[in-house]
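Participant: A predicted structure for the sequence below; I have some questions about it.
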Amino acid sequence: MGALALAGLPAVASADPTITFRYATYTPSVVRIAPGQSVTWTGDPGNTFDLTSHPLKFANPTIAPQTDKSSSTTRTFAGVGRFAFACVNHGWANMTGAVLVTANHLPSPALDAPSSAAPGVPVSFDASGSSDPDPGQSLTYAWDFDGDGRVDQSGPAPTASFTYARPGTFNVMLKVTDTNAEPDIGPESATATRPITIAEHGQGNSGPGELGGGASGNAGATLVANDGDRDDVVLVKVAGSTRSSSVRTRGLAVRVTATEPAVATATLRVGSRVIGRATISLRGGGARTVRVVLNRRGHSLLKRRARVRVELRIVLDDEDATGTTAKRWITLRR
């Protein structure tokens, strides 16, 4: 079994956890406990373990199933291991889950890196502050420097270097993996992320934030730009999902704040092609959200491609006619 990446898994529960169930859903579907702890399954109103409802079955035949008309049951797990369970009637709909019983502690990742750099210049990353509380275990480090979900570098060394070829804001991810040898549990991993803005000198400053389509699809990024005299400042934050399906249906939500009253025009481009544009009036110091709806070309492009990299550009039209501009790259993924 490969390493478990704990981005979506809980730490060991301090109290015995409860899993609720209803049609096609266990919430949470995975719990992580220490040996000797118990887990309780409880149905929402009208949901039971009856054979006509949601009978509970474990992959391990030594753990008794539950097929009566009750709506709550508890199991205690004495030994380490991964114990899968499912609804007999709705396993086909992914009504499944697992209890992870472990004495291991997750590693603690620490990612140190600059917040900005220039294209073509090597950037140093340092994870030497990472640790693992379990005696005798060692760590390995995997790096995704550009937020595309692929490992760019991995190994036992806690330091790394990467050169960015183009401007943009990238969400760097570090995954630290221990050497836990518990059957069906280890090794285990934990992740840390940090944004880095790559820009030529003089292009403006970028605040911290992510502009990639991550596991949750929410790019909560803040971009700061000024007109050179620093009188007019615009803050831009992607406030909604960057999943292609959401953007095609509802548009891309962008929250814009300006220091002075202005009209902001938000444009999405792929190369020289405009795939969406929206305009909104701003009051000085107030934030407003504009939803950039795709045009026909944008809909067609996102329908055909699984991953599209677009430029978001915000231009302010104010009484000074300075045309303050903020721009950066966003990746839209299915």
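Facilitator: That came through, no problem. Predicted model only: the values in this text are computed from it and were never measured.
Participant: Show me the shaky parts of the stretch 1-150 of the chain.
Facilitator: Scanning the stretch 1-150 of the chain for pLDDT under 70 picks out 1-13.
Participant: any idea which element the closest residue to residue 116 other than its chain neighbours lies in?
Facilitator: In this structure, residue 116 finds its nearest non-sequential neighbour in residue 197, 4.5 Å apart by CB to CB, 6 or more residues apart in numbering. (Glycine included, C-beta is placed from N, CA and C.) Per DSSP states H and E, residue 197 falls inside strand 188-198.
Participant: re earlier: give the full set of residues in contact with the residue nearest to residue 116.
Facilitator: 115-117, 168-169, 206, 328 (CB atoms under 8 Å, 6 or more residues apart in numbering).
Participant: Likewise for residue 62?
Facilitator: By CB under 8 Å, 6+ apart, residue 62 has no neighbours at all.
Participant: Where does it sit: helix, strand or coil?
Facilitator: coil (DSSP: H, G, I helix; E, B strand; the rest coil).
Participant: so how far is residue 75 from it?
Facilitator: Distance, residue 62 to residue 75, using CB to CB, to the nearest Å: 11 Å.
Participant: what's the average pLDDT for the strand holding residue 197?
Facilitator: Averaging pLDDT along strand 188-198 yields 90.
Participant: how far is it from where the chain is centred?
Facilitator: 10 Å (CA atoms, centre = their mean, to the nearest Å).
Participant: same check, this time on stretch 279-297
Facilitator: On CA atoms, centre = their mean, the centre of stretch 279-297 falls 25 Å from that of its chain.
Participant: what do you get for stretch 78-94?
Facilitator: Using CA atoms, centre = their mean, the offset of stretch 78-94 from its chain centre is 26 Å.
Participant: And stretch 308-321, by the same measure?
Facilitator: Centre to centre, stretch against its chain (CA atoms, centre = their mean), the figure for stretch 308-321 is 26 Å.
Participant: how about that stretch: buried residues?
Facilitator: Within stretch 308-321, the residues that count as buried by 16 or more other CB atoms under 10 Å are 308-316, 318.
Participant: And stretch 74-94, by the same measure?
Facilitator: 75, 77, 80-83, 85-87, 89-90.
Participant: Max pairwise distance over those residues: which two?
Facilitator: Taking every pair in the buried residues of stretch 74-94 and measuring CB to CB, the maximum separation is 30.0 Å, between 80 and 89.
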